[in-house]
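Colleague: Show me the folded form of this:
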Amino acid sequence: MGRKRVFPWRWRLAAMVLLVLAGGGIWLWWQAQHWTPSRNDFPTQGVLVGAGDGPVDFASLAAVGANFAYIEASRGAEARDAMLSANLRSLMAGALPFGVVHHYDPCVPAERQAANFVTVVPRDGRMLPPAIALDKPARSCDDPAVEAGVESELTTFLNQVEAHTGQRAVLMLSEGFQQAHPIASQIERNLWLERAFLPPDYAGRPFTLWTANPRLWTEASAGPLRWVVVQP
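Modeller: Presented below is the predicted three-dimensional model:
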């Protein structure tokens, strides 16, 4: 009979350490997938959804703690979110407060984008203030005139959108856009900032909304959703 192989104690210790680390990594991953900020700090919390999230059960979202929902509506001068009509129908039939998001394209004239927005977004006094997503810096347009006129064009767009909705818009401002164009100090609107797990401070003034977890798993959707909180 061959001798039974005995592994050195160092190998056994290393294997145990690896198992502990793997278990800790899985636990941290699970925590990240299900983390939301404390309700003591942020009593009002909700979601941002669009076509990329697939069908969403808004009634179930309310049941798991969402106090509001924002849905992606339009982009640039022509695009509209593929789930906009279905999401609007569901939200208008329910009790969850909701608003819409337009993804602003600095390469496209303000009037054309505003025309797209007012065409696809109904005028409804029940809706939350519209949010304007600013995540594409004007330098991507390769046009110095466009880059120089970002503030002016954005102001024109905001005036037309706000005339349609009857409410001042919220600027959903990415860190990259703010670094390229210090809009937070140039245009006085409430800010919606983004940073996973840690409160963002890149705008130089307080935020009103914060995308705190960009991949939160709930029973209301087949995939992760963007979880948003409101500054009390």
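Colleague: Please, where are all the helices along this protein?
Modeller: 9-34, 58-63, 84-93, 110-120, 144-148, 150-165, 175-180, 183-186 (DSSP state H).
Colleague: what is the rounded mean pLDDT of the shortest one?
Modeller: Translated: helix 183-186. What helix 183-186 shows for mean pLDDT is 96.
Colleague: Pick out the least confidently modelled helix or strand of this protein, by mean pLDDT.
Modeller: helix 9-34 (a mean of 54; mean pLDDT, DSSP states H and E).
Colleague: Would you enumerate the residues in contact with the nearest residue to residue 220 once chain neighbours are set aside?
Modeller: Of all residues beyond its chain neighbours, the one nearest residue 220 is residue 60 (3.8 Å), with distances taken as C-beta to C-beta, 6 or more residues apart in numbering. From N, CA and C alone the C-beta is placed, and that goes for glycine too. Contacts for residue 60 (C-beta atoms under 8 Å, 6 or more residues apart in numbering) come out as 218-220.
Colleague: just those now: which is nearest residue 51?
Modeller: For the contacts of residue 60, the residue nearest residue 51 by C-beta to C-beta is residue 220; the value is 16.0 Å.
Colleague: Okay, domains of this protein per the record?
Modeller: 7-36, 38-230 (automatic domain parsing).
Colleague: Which residues are in contact with residue 165?
Modeller: Per C-beta under 8 Å, 6+ apart, neighbours of residue 165: 121, 123, 127, 129-130.
Colleague: Columns neighbour count, pLDDT and distance to residue 79 on top of these, output as TSV?
Modeller: Shown next, in TSV, are these (neighbours: other C-beta atoms under 10 Å; pLDDT from 0 to 100; distance: C-beta to C-beta, whole Å):
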residue	neighbour count	pLDDT	distance to residue 79
121	22	97	13
123	9	94	20
127	20	97	20
129	20	98	21
130	23	98	16
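Colleague: Just put those residues in CSV and tack on distance to residue 103.
Modeller: Formatted as CSV, these follow (distance: C-beta to C-beta, whole Å):
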residue, distance to residue 103
121, 13
123, 20
127, 18
129, 16
130, 12
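Colleague: Low-confidence ranges, this structure, go.
Modeller: 1-34 (pLDDT under 70).
Colleague: Could you check how far residue 166 is from residue 156?
Modeller: Applying C-beta to C-beta, to the nearest Å, the value for residue 166 to residue 156 is 18 Å.
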